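K.L.:
everything below, folded, please.
(one chain, ligands or ions: 1)
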Amino acid sequence: MDLDLLQGAADARGEPGYRAAQVWEWAARGAGGYDEMTNLPASLRDELAVAVPFSTLTLEEEARSRDGTVKALFRTADGHPVEAVLMRYRDGRRSLCLSSQSGCPLTCTFCATGAMRFGRNLTAWEILDQALHFRRSGELNHAVFMGMGEPMLNLDNVLSAARRLPDIGITHRRTTVSTVGWLPGLRRFVDDVEEPIRLALSLHAADGALRSELMPVNDRHPLDDVLAECRRYVALRGRKVFVEYVMLAGVNDRAEQARALARLLGPKTFKVNLIPYNPTGRFEGSSRKAIAAFREALLVAGLPATVRLTRGRDIDAACGQLAAAR
Ligand code: SAH
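P.N.:
Numbers count the residues shown, from 1 in each chain. You can find the predicted model right below:
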């Protein structure tokens, strides 16, 4: 819901100042429409329903994975596709994967989103409406900005959305913004964000030449500078940075590459999350055995590392698979 539009509509009607907050409170708690907002005058509810669309996004399709993951495909009012994913875990975690852009202007070779046409930055409301959609079907407790797009290219809107997530039940400590290492946004994220929002870096290779091959953005923002910003984040916030590393067979999964990664990152600042490659055409994923060996090599070198549980692969909802194929 566009809360600026709502505020304008409430003001124009001479409503008391607290109306917009009242509506937001309902939406954040999972209301499905204005008609549920019983502490609003009925006439106002009717007028708002006409003047301010309840969501900035229209749901087009929802797919359910065998593992309980749900992927939603939305359209913005001007026709851009947006996908968001809800992951449910046995321990009660309900984690949202949010998109910050429709498509992505970067062209990481292993990611399906990079191959689709870039649309535009999403507004803060379009980001929040992804979360509100899933909030209607139950409580939420984690959010990652790991859907379509590069959050640091749309930092203001990402942050204004993230700042409202606690109202929906997702604290800042359980909110993570992931980046390829887009320096201008990353610098601002480190300098300006006072909330304990977490940071994740998509690294994928310790070696600069290989990283540039996999992620052309590496030529633009040198890895040393990116890592320096991550270290600054850790020094300022006292929280480790997550490093995402997608495991590509014969490309970045050799033991010596694990050792180089551990040397590059050092033992104190980062925590590595190894991501099994979700097929998008170009690469072969590393075997389970290779992933386990790589992890072991990191641990031996003193670098904490975990393997990401793959979710939603059967509905193309897993990492790197969001491409609004239709
Ligand atoms: N643009 C930001 C936010 C998207 S996060 C970023 O890249 O960090 C999406 C994560 O999924 C990134 O770590 C990305 O590298 C990873 N990913 C992309 N394609 C993948 C694939 N095919 N299999 C597994 N992970 C993939």
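
K.L.:
can you tell me the SS state at Ala72?
P.N.:
At Ala72 the chain is in strand, as set by DSSP: H, G, I helix; E, B strand; the rest coil.

K.L.:
that one: neighbour count?
P.N.:
Using other C-beta atoms under 10 Å, the number of residues around Ala72 comes to 19. (Each C-beta comes from the backbone N, C-alpha and C, glycine too.)

K.L.:
from Arg93, how far off is it?
P.N.:
Between Ala72 and Arg93 the distance, using C-beta to C-beta, to the nearest Å, works out to 18 Å.

K.L.:
surely Asn157 meets Gln101?
P.N.:
No: in this structure, Asn157 sits apart from Gln101 without contact. The criterion is C-beta atoms under 8 Å, and the distance is 9.4 Å.

K.L.:
which residues are in contact with each of the two?
P.N.:
Counting by C-beta atoms under 8 Å, 6 or more residues apart in numbering, the shared contacts of Asn157 and Gln101 are 121-122.

K.L.:
give me the more crowded residue out of these two.
P.N.:
Set Asn157 next to Gln101 and count neighbours by other C-beta under 10 Å: Gln101 wins out with 26 against 19.

K.L.:
could you report the pLDDT at the more buried one?
P.N.:
pLDDT for Gln101: 98.

K.L.:
show me what contacts it?
P.N.:
Residues touching Gln101, when contacts are defined by C-beta under 8 Å, 6+ apart, comprise 118-122, 148-150, 153-154.

K.L.:
which SS state does the closest residue to it other than its chain neighbours fall under?
P.N.:
Nearest residue to Gln101, sequence neighbours excluded (C-beta to C-beta, 6 or more residues apart in numbering): Gly149, at 2.7 Å. When the structure is split into helix, strand and coil by three-state DSSP, Gly149 lands in coil.

K.L.:
related to what we said a few turns ago, contacts with the ligand among the contacts of Gln101, please.
P.N.:
Among the contacts of Gln101, the residues within reach of the ligand (C-beta under 6 Å from any ligand atom) are Glu150.

K.L.:
turn the contacts of Gln101 into a markdown table, including distance to Glu229 and pLDDT.
P.N.:
Shown next, in a markdown table, are the contacts of Gln101 (distance: C-beta to C-beta, whole Å; pLDDT from 0 to 100):
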| residue | distance to Glu229 | pLDDT |
| --- | --- | --- |
| Phe118 | 24 | 96 |
| Gly119 | 27 | 96 |
| Arg120 | 26 | 98 |
| Asn121 | 21 | 98 |
| Leu122 | 24 | 98 |
| Met148 | 23 | 97 |
| Gly149 | 20 | 98 |
| Glu150 | 15 | 98 |
| Leu153 | 15 | 98 |
| Asn154 | 18 | 98 |
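
K.L.:
just give me the closest of the contacts of Gln101 to the ligand.
P.N.:
Within the contacts of Gln101, proximity to the ligand (C-beta to the nearest ligand atom) peaks at Glu150, which comes in at 4.1 Å.

K.L.:
the protein: helices as residue ranges?
P.N.:
3-12, 19-28, 42-51, 124-135, 155-168, 183-192, 208-214, 217-220, 223-237, 255-265, 288-300 (DSSP state H).

K.L.:
which of these has the highest mean neighbour count?
P.N.:
Mean neighbour counts were compared across these using mean count of other C-beta atoms under 10 Å; the top stretch is helix 124-135, at a mean of 25.

K.L.:
Ala249 touches Ser286, doesn't it?
P.N.:
Yes: counting by C-beta under 8 Å, Ser286 is a contact partner of Ala249 at 4.7 Å.
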